[in-house]
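1. structure here, sequence nowhere to be found:
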């Protein structure tokens with residue numbers, strides 16, 4: 001008898017996730033950092049302001065980027081990263097792709 005549970009292969013075997021600094025010129029990065037600091041002073045939430053980071057999912061075999069989204073504030077980035085890591089551990093690649101609506105061919 002075939003046991004489908006033994007056939008489950010988590011997406012984490014094929015995909016990696018990390019938080020990366022958003023690309024940009026040195027000036028753009030400085031302006032972004034200043035805006036984050038100013039928003040922190042205004043709101044008292046030093047994790048607020050424009051996101052300086054993206055959450056990126058890549059294929060392990062090729063390093064090809066399959067998903068890039070704004071990571072949000074420091075707190076939001078941590079929560080998003082934890083959620084994606086959990087999804088990669090508990091879903092197949094097909095289920096992960098369907099949930100996150102990755103482009104065809106990813």
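-> Now that the structure is in, tell me what you want to look at. Note that the coordinates shown come from a computational prediction; the quantities given were computed from them, not determined experimentally. Numbering: from 1, shown residues only.
2. can we go C-alpha only for contacts and neighbour counts from here?
-> Noted.
3. what about residue 22, neighbour count?
-> Number of residues near residue 22 (other Cα atoms under 10 Å) recorded here: 18.
4. give the pairing partners of the helix or strand encompassing residue 58; include direction for each.
-> Assessed by DSSP states H and E, residue 58 sits inside strand 53-59. Strand 53-59 sits in its sheet next to strand 15-21 (antiparallel), strand 65-70 (antiparallel), going by DSSP bridges.
5. return the distance of that strand from the chain's centre.
-> Taking Cα atoms, centre = their mean, to the nearest Å, the mean C-alpha location of strand 53-59 is offset from the chain mean by 4 Å.
6. cool, and stretch 10-27?
-> 6 Å.
7. so which bits of it are buried?
-> Judged by neighbour count (16 or more other Cα atoms under 10 Å), stretch 10-27 contains these buried residues: 10-12, 15-19, 22.
8. and the furthest pair within those residues?
-> Largest separation among the buried residues of stretch 10-27 by Cα to Cα: 10 and 22, giving 27.8 Å.
9. nearest to residue 100, of the strands paired with strand 53-59?
-> It's strand 65-70; of the strands paired with strand 53-59, that one is closest to residue 100 (Cα to Cα) at 8.4 Å.
10. what's the helix or strand following the closest one packed up against?
-> Using DSSP H and E, the next helix or strand after strand 65-70 towards the C-terminus is helix 74-90. Under the contact definition 3 or more Cα pairs under 8 Å, 6 or more residues apart in numbering; DSSP states H and E, helix 74-90 sits against strand 15-21, strand 53-59.
11. residue 86 is nearest to which of these?
-> Closest to residue 86 of the helices and strands packed on helix 74-90 is strand 15-21 (Cα to Cα; 10.6 Å).
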